[in-house]
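A.B. asks: sharing a sequence plus its predicted fold:
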Amino acid sequence: MIRVTNIERFATHDGPGIRTTIFFKGCHMHCPWCANPETWSQKVELLHDEKKCVHCQKCQTVCPASAIAFPEGKWQIDRSRCKGCQTCAQECLNDAITFSGTDYTEDELVAIAMKDRDFYEESGGGVT
Ligand code: SF4
Ligand code: SF4
C-alpha cells in the first residue's frame with residue numbers, strides 16, 4: 001500500500017501541461033520552504049483547522065482517550081494519547097478536524113491517474 005495525503009487533478013503548477021499530482025506521505029527531504037509538511041510523517045495524522053473551530057468542545061466530550069483539552073479556551077491535543085479512532089472528526093460539525101493519510105494500492109493510484117490521460121496527451125502533461 002502507498003499512503004498519500006492528497007491527489008490533485010488538473011494541476012498546472014507541478015510540471016508541464018495538465019497533471020495529476022500525488023502527494024505521498026513519508027517524505028524525508030524536510031525542505032525549509034515545504035508547503036506540505038503533512039507529507040513528512042508516514043503516520044496518519046490528525047489536522048485541526050483553527051479558523052473553522054468554534055470551540056464547542058464536542059470533540060473533547062467524545063474522545064475516548066481524553067486526548068483533547070481546552071487550556072485557557074484554546075484547542076489542544078496530546079498526540080501521545082490519541083488512538084487515531086477519528087471519532088472527533090466524525091462529530092465535528094464544522095469539519096475543523098480532518099485526517100491526513102489514505103492508503104491506496106499501486107493499481108488504484110494508476111487507475112485514478114489514467115482518468116485524465118486524454119488531458120495529458122493534449123497538453124504535454126502527466127503525473128507528478
Ligand atoms: S468539535 Fe470541531 S468545532 Fe467543536 S471544538 Fe472540536 S474541533 Fe472545534
Ligand atoms: S482520533 Fe480518537 S483518540 Fe484521537 S483525538 Fe480524535 S477522538 Fe480522541
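C.D. replies: Done, it's in. Residues are numbered from 1 along each chain as shown. Ligands and ions are numbered 1, 2, ... in the order given.

A.B. asks: other residues contacting the longest helix along the chain?
C.D. replies: For the chain, the helix with the greatest residue count under DSSP state H is helix 106-114. For helix 106-114, contacts defined as Cβ atoms under 8 Å, 6 or more residues apart in numbering pick out 2, 4, 7, 20, 22, 104, 127. (C-beta placed from N, C-alpha, C; glycine too.)

A.B. asks: 10 Å instead?
C.D. replies: 1-2, 4, 7, 9, 19-22, 24, 102, 104-105, 120, 126-127 (Cβ atoms under 10 Å, 6 or more residues apart in numbering).

A.B. asks: list the buried ones in that helix?
C.D. replies: 109, 112-113 (16 or more other Cβ atoms under 10 Å).

A.B. asks: now the residues you listed as JSON lines including pLDDT and distance to residue 46?
C.D. replies: Formatted as JSON lines, the buried residues of helix 106-114 follow (pLDDT from 0 to 100; distance: Cβ to Cβ, whole Å):
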{"residue": "109", "pLDDT": "97", "distance to residue 46": "24"}
{"residue": "112", "pLDDT": "97", "distance to residue 46": "24"}
{"residue": "113", "pLDDT": "97", "distance to residue 46": "28"}
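
A.B. asks: what subset of those is also close to ligand 2?
C.D. replies: When Cβ under 6 Å from any ligand atom is applied, no member of these is adjacent to ligand 2.

A.B. asks: out of the residues you listed, which is nearest to ligand 1?
C.D. replies: In terms of Cβ to the nearest ligand atom, no member of the buried residues of helix 106-114 lies closer to ligand 1 than residue 112, at 29.6 Å.

A.B. asks: residue 77: which of the contacts of helix 106-114 is nearest?
C.D. replies: residue 102 (20.4 Å; Cβ to Cβ).

A.B. asks: quick one, what contacts that closest one?
C.D. replies: 1-7, 25, 44, 108.

A.B. asks: weed out the non-buried ones from these.
C.D. replies: Using 16+ other Cβ under 10 Å as the burial test, the contacts of residue 102 include 3-5, 25 as buried.

A.B. asks: in a markdown table: these, plus distance to residue 50 and pLDDT.
C.D. replies: Below are the buried ones among the contacts of residue 102 laid out as a markdown table (distance: Cβ to Cβ, whole Å; pLDDT from 0 to 100):
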| residue | distance to residue 50 | pLDDT |
| --- | --- | --- |
| 3 | 25 | 96 |
| 4 | 24 | 96 |
| 5 | 19 | 94 |
| 25 | 23 | 96 |
